[in-house]
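1. structure for this input, please:
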Amino acid sequence: MPTEVWITGAIILANLVLLPVLIGWGSGWWAMGPRYGIDRIPQGRREGWCSGRLGLVSCRGILVVGGDDAYFYMALQRPWGFGFRPLAIPWEQVRRVRAGEVLWAPFFDFEIRTGQGDRVIPVRLYRRGLGLLEPYLDLLAREEAAGRRPPPPPLAPGS
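-> Sure, this is the predicted structure:
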């Protein structure tokens, strides 16, 4: 009996410690947090329970995304988001937007510039659950495919 309790406790502790480290590092969230972190996403600017991939991490149904004229917002649903600040990323830093489809799952691929040198985080968001954000990403993908979207402005240190 004590061995099973110890093993169960070790597994729970490993999930509480290792999972946030893997999400933070593997997704690039820690790289984007210092520059783009905010306290909370403004009301009326979010969609919930979206799926996608950030960097190396697949996020199935735990992403909260949204946007307005100036920012692309991203957060993690609770309890996965504990310790991760929501992000407000200027649209100028969302680059290489491309619409695609795998079997019956349409998606958007794009990159987010982190502001740490030339580092970018690859992102894939599946269309299901994007709501009001979908037409905007679709427009960006069409503009980039036509070569009409200007390059992003340079990132000033600490901005």
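2. pLDDT wise, what is residue 158 at?
-> Listed pLDDT for residue 158 reads 45.
3. same question, residue 54
-> We have a pLDDT of 81 for residue 54.
4. which one is it nearest to, not counting chain neighbours?
-> residue 27 (3.8 Å; Cβ to Cβ, 6 or more residues apart in numbering). All C-beta spots, glycine's among them, are computed from the backbone N, C-alpha and C.
5. list the contacts for residue 149?
-> 140, 143 (Cβ atoms under 8 Å, 6 or more residues apart in numbering).
6. so which strand or helix has it?
-> Per DSSP states H and E, residue 149 falls between elements, in no helix or strand.
7. how far away is residue 79 from residue 94?
-> 27 Å (Cβ to Cβ, to the nearest Å).
8. and these two? which has more neighbours close in?
-> More neighbours surround residue 94 than the other of residue 79 and residue 94, with 20 against 10 (other Cβ atoms under 10 Å).
9. report the separation between residue 29 and residue 83.
-> Taking Cβ to Cβ, one finds residue 29 at 10 Å from residue 83.
10. the two: who's more crowded?
-> residue 29 (25 against 12).
11. circling back to that earlier point, you'd agree the residue nearest to residue 54 is up against residue 56?
-> Yes: the pair formed by residue 27 and residue 56 meets the contact definition of Cβ atoms under 8 Å, at 7.0 Å.
12. these two - which one has more neighbours?
-> Neighbour totals were compared for residue 27 and residue 56, and residue 27 leads with 21 against 13 (other Cβ under 10 Å).
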